[in-house]
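Asker: I'll drop the sequence and a predicted model, then ask my questions.
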Amino acid sequence: MHLTRRQFLAHTATATALAAGGCATVNPAPDSLIVDTHQHLWDLAKQKLPWLGGAPEILRHNYRTEEYRAATAGLNVRAIYMEVDVAEGELAAEAEFVLGLARGGQTPTCAAVIGGRPDAPGFADYVRRYQDSSHFKGVRRVLHSPATPAGHCLKPEFVRGVRLLGEAGRSFDLCMRATELMDAVKLTELCPGTRFVLDHCGNPDLKCFRAPRPGEEKPRHSADQWKRSIDAFAKRPNVIGKISGIAASLTPGGGADDLAPVVNHCLDSFGPDRVVFGGDWPVCLLGATYQQWVTMLRQIIAGRPAEQQRKLWSANALQHYALKV
């Protein structure tokens, strides 16, 4: 969630540019289930999101269930809430709110990955508090913020917390800098009993997959470096990859062709049985609307077998998260 201010400003106008450029929305058949494993919701009157302080205007609004319904209109979507990096003192309130939302069964939200601090002294008690909820599927701690420098997830106390999640039958979402993906590989080796989900295709810099443009900064890493890291991660037996987040990095004029190298490498590396879809709404609005992201992804995977497409959109998530929808 912690995009830099430069990244925020670079992407603010992109969704508008995509719409103006004619990125048509193509809705799938009504019975084509989509399980969105990365749904964000926030109500700024009730939550404190410190990272929003430097965000562009498009994100500094309420994004609640009613806005999510509007964004996904015409799509048959069930969603897994993804924690939104609230202030540390509000983690429990966020968890209780979203688990109650899922328990109520009146919204698209059917489960949740809650925020947590695996290296905190009280983490075991925190996990136990929600252990009996079948809607509690995992924990995420954002690892690309200033508070979590390189190597943070390999600290002994952090590793202990992540191992505890495996013992509790919950997964851990990895959202980190692309240049630190080998830390993720090491963490999965240290915690073989825990299931991991790699968010946002490992957060690659899209610039490394195309020719440089005048005046833009150099990519943070090479395409080969990212590919090698993804391949090393995907070899681990206790991981899956989430096709999400990358639409937010599109710049004006960008589209499916910019995302295809990332999507296709992840699909090939993880294989058809270990990939899930994530909307990353409303953060995706930095580069595309929800409908545009779905349309672009459908275009990218159109040549793959129908069964593999179904696994990406819903079947794998239903199995991985033991969902009842």
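Answerer: Received, thanks. Numbering: from 1, shown residues only.
Asker: where's the residue sitting furthest away from the middle of the chain, which helix or strand?
Answerer: Outermost residue of the chain with respect to the C-alpha centroid, by Cα atoms, centre = their mean, is residue 214; its distance is 30.4 Å. Using DSSP states H and E, residue 214 falls within no helix or strand.
Asker: Residue 138 too?
Answerer: strand 136-140.
Asker: Same check on residue 173?
Answerer: When elements are assigned from DSSP H and E, residue 173 belongs to strand 171-174.
Asker: just the strands in this protein please.
Answerer: With DSSP state E as the criterion, the chain has strands at 33-39, 76-82, 109-115, 136-140, 171-174, 196-198, 239-243, 275-277.
Asker: With distance to residue 284 as extra columns, can I get the ones you listed in JSON lines?
Answerer: Glycine gets a C-beta too; all of them are placed from N, C-alpha and C. Listed next are those as JSON lines, based on distance: least, Cβ to Cβ, whole Å:
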{"stretch": "strand 33-39", "distance to residue 284": "9"}
{"stretch": "strand 76-82", "distance to residue 284": "12"}
{"stretch": "strand 109-115", "distance to residue 284": "17"}
{"stretch": "strand 136-140", "distance to residue 284": "17"}
{"stretch": "strand 171-174", "distance to residue 284": "17"}
{"stretch": "strand 196-198", "distance to residue 284": "17"}
{"stretch": "strand 239-243", "distance to residue 284": "12"}
{"stretch": "strand 275-277", "distance to residue 284": "12"}
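Asker: Tell me which of the ones you listed sits nearest to residue 269.
Answerer: Smallest distance to residue 269 across these (Cβ to Cβ): 7.4 Å, for strand 239-243.
Asker: Next one: the residue nearest the centre of the chain from residue 243, what distance?
Answerer: Geometric centre of the chain, nearest residue: residue 199, 4.3 Å, by Cα atoms, centre = their mean. Distance, residue 199 to residue 243, by Cβ to Cβ, to the nearest Å: 10 Å.
Asker: next one: residue 100
Answerer: 29 Å.
Asker: ditto for residue 79
Answerer: Taken as Cβ to Cβ, the span from residue 79 to residue 243 is 15 Å.
Asker: Please tell me I have it right and residue 87 contacts residue 50.
Answerer: Yes - contact criterion Cβ atoms under 8 Å: residue 87 and residue 50 qualify, at 5.8 Å.
Asker: What segments of the stretch 101-250 of the chain are helices?
Answerer: Applying DSSP state H, counting those that start in this stretch to the stretch 101-250 of the chain gives helices spanning 123-130, 156-167, 181-190, 223-234.
Asker: What pLDDT does the model give residue 232?
Answerer: pLDDT recorded at residue 232 is 99.
Asker: how many other residues sit next to it?
Answerer: Neighbour count for residue 232, taken as other Cβ atoms under 10 Å: 16.
Asker: Who's the closest spatial neighbour of it, skipping the chain neighbours?
Answerer: Take residue 232 and drop its neighbours on the chain: the residue closest to it by Cβ to Cβ, 6 or more residues apart in numbering is residue 185, 5.0 Å away.
Asker: got the contact list for the one you found?
Answerer: Going by Cβ atoms under 8 Å, 6 or more residues apart in numbering, residue 185 touches 229, 232-233, 236.
Asker: Including distance to residue 300, could these go into a markdown table?
Answerer: Shown next, in a markdown table, are the contacts of residue 185 (distance: Cβ to Cβ, whole Å):
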| residue | distance to residue 300 |
| --- | --- |
| 229 | 21 |
| 232 | 23 |
| 233 | 21 |
| 236 | 25 |
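Asker: returning to what we had before: so for residue 100 and residue 243, which residue has more residues nearby?
Answerer: Counted by other Cβ under 10 Å, residue 100 and residue 243 do not tie: residue 243 has more neighbours, with 27 against 12.
Asker: Pairing-wise in the sheet, spell out the partners of that one.
Answerer: Counting by DSSP bridges, residue 243 is bridged to residue 277.
Asker: My guess is it contacts residue 276. True?
Answerer: Yes - here residue 243 lies in contact with residue 276, judged by Cβ under 8 Å, at a distance of 7.1 Å.
Asker: which residues do the two both contact?
Answerer: Taking Cβ under 8 Å, 6+ apart as the contact rule, the neighbours common to residue 243 and residue 276 are residue 312.
Asker: can you pull the contacts of residue 35?
Answerer: Applying Cβ under 8 Å, 6+ apart to residue 35 gives the contacts 77-80, 276-277, 313-314, 317-318, 321, 323, 325.
Asker: I'd like to know which elements the strand holding residue 173 is packed against.
Answerer: Under the contact criterion of 3 or more Cβ pairs under 8 Å, 6 or more residues apart in numbering; DSSP states H and E, strand 171-174 touches strand 136-140, helix 156-167, strand 196-198.
Asker: What pairs with the first one, parallel or antiparallel?
Answerer: Using DSSP bridges, the strands paired with strand 136-140 in its sheet are strand 109-115 (parallel), strand 171-174 (parallel).
Asker: so the longest one versus helix 123-130, what angle?
Answerer: This means strand 109-115. 170 degrees (axes from the mean of the first three to the mean of the last three Cα atoms, to 10 degrees).
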